[in-house]
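# Build me a model:
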Amino acid sequence: MDFPAHVIITEVGPRDGLQMERRVVPTDIKVALIADLVAAGVSAIQVAAFVHPEKMPQMADAEAVISRLPGHGDVAYSALTLNLRGVERACRTAVPWIEVSLSASDAHSRQNTGLTVVQARAATGAMIDLAVRSGRRVRGSVQCAFGHLTPGDIAVDRVVRMAVGLIDQGVEQLVLADTTGLANPVLVRQMLAALLPKVGSVPLGLHLHDTHGLGLVNVMAALEMGIDRFDTALGGLGGCPFVDGAAGNIATEDTLHLLHALSISTGVDPALVAVWSRRLSAFFEHLLPGKRYRWI
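Numbering: from 1, shown residues only. You can find the predicted model right below:
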């Protein structure tokens, strides 16, 4: 099998990984976590989200976290935004990458942002334009790309149009997010077969959740299609607060174990990542969904 020789891991634990946890993580701990992820070799980290603090208290210190990020120019620090106000807040910080995200599901979009899909799509142009004019690089993502309530209940053509629209508006990277964890290898192959011919030179990655235990199977399907970028969260932390029963992201340590077994390089030391998974498990007083972190 002709897999990519190298895969870029974007660690989303400090953002997506923490947002479902009720116990708020102090800023000092977040900053220490990010510093140690960098030391472990992670080259891309989503560190915060600029969202309403009442809806997501875990992200209320976004500005404070970004002001204290370790000074590594080769690390792609990013922050998530869902509307123009979020981009405005992000542009008042030094975060180099801004993620502009919208949902392919009208129901999910209303829950997540208070906007319909049509309204959200109309807003992305101004969001991306402001980020670019402010000297930021932009990563665009489409949520619920593989379904909202049932697998594939979002048409492939709809997701492709939204993704291509983000590219046309100037994003430098594109991510398809399996927000509700409904993806399976068949859907992954179908979606990638439809989208890859249209993305040109824009890198395409996947943000996979492991709600039904198919996360790493979907990674395999994507690798077979040439995908070399994946979002992961240490220990399998995370989920969507607006999706009932949403489970965490594919675990960083588990994904690294698979990739390294396939002789795919990542530059990341899973044992160093696992140190923090165990610490956070103790902090939250519950086991995390991932497997490898418990004993490496």
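# Okay, helices next: where are they in the stretch 101-250 of the chain?
Remark: helices assigned in the stretch 101-250 of the chain by DSSP state H, counting those that start in this stretch are 106-113, 117-133, 156-168, 185-195, 215-224.
# Pick the most buried one from those.
Of these, the one with the most neighbours on average (mean count of other CB atoms under 10 Å) is helix 215-224, at a mean of 21. Any C-beta I mention is one placed from the backbone N, CA and C, and that applies to glycine too.
# Send me that helix as CSV with only the CA atoms.
What follows is helix 215-224 as a C-alpha-only set of coordinates in CSV (Å, rounded to 0.1, in the frame of the first residue of the first chain):
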residue,chain,number,x,y,z
GLY,A,215,-11.8,6.5,14.1
LEU,A,216,-8.6,4.7,13.2
VAL,A,217,-10.4,2.6,10.6
ASN,A,218,-11.3,5.9,9.0
VAL,A,219,-7.6,7.1,9.3
MET,A,220,-6.6,4.0,7.3
ALA,A,221,-9.1,4.7,4.6
ALA,A,222,-7.9,8.3,4.4
LEU,A,223,-4.2,7.2,4.3
GLU,A,224,-5.1,5.0,1.3
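# ok, and what's touching it?
1, 3-4, 7, 178, 181, 183-185, 188-189, 192, 206, 208-210, 230, 249-250, 254-255, 258, 262, 264 (CB atoms under 8 Å, 6 or more residues apart in numbering).
# and of the helices of the stretch 101-250 of the chain, who's closest to Leu82?
The closest of the helices of the stretch 101-250 of the chain to Leu82 is helix 106-113. By CB to CB, the value is 4.8 Å.
# okay, the angle between the closest one and helix 117-133?
Angle of helix 106-113 versus helix 117-133, following axes from the mean of the first three to the mean of the last three CA atoms, to 10 degrees, is 50 degrees.
# Helix 106-113: how far from the chain's middle?
For helix 106-113, the distance from its own C-alpha centre to the chain's C-alpha centre is 18 Å (CA atoms, centre = their mean, to the nearest Å).
# which secondary structure elements does it contact?
strand 97-103, helix 117-133, strand 137-143 (3 or more CB pairs under 8 Å, 6 or more residues apart in numbering; DSSP states H and E).
# got TSV for those, with distance to Met162 and mean pLDDT too?
Putting the helices and strands packed on helix 106-113 into TSV (distance: least, CB to CB, whole Å; pLDDT from 0 to 100) gives the following:
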stretch	distance to Met162	mean pLDDT
strand 97-103	7	96
helix 117-133	7	93
strand 137-143	5	97
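# tell me the contacts of Cys91?
Ile98, Leu130, Ala131, Ser134, Arg136.
# Helix or strand: which one has the closest residue to the second one other than its chain neighbours?
By the measure of CB to CB, 6 or more residues apart in numbering, the closest residue to Leu130 outside its immediate chain neighbours is Val87, 5.2 Å from it. For Val87, the enclosing helix or strand under DSSP states H and E is helix 84-91.
# Give the buried residues for that helix.
Gly86, Val87, Arg89, Ala90, Cys91 (16 or more other CB atoms under 10 Å).
# Kindly report the same for stretch 18-34.
Along stretch 18-34, these residues count as buried under the neighbour rule (16+ other CB under 10 Å): Leu18, Gln19, Met20, Glu21, Val25, Thr27, Ile29, Lys30, Val31, Leu33, Ile34.
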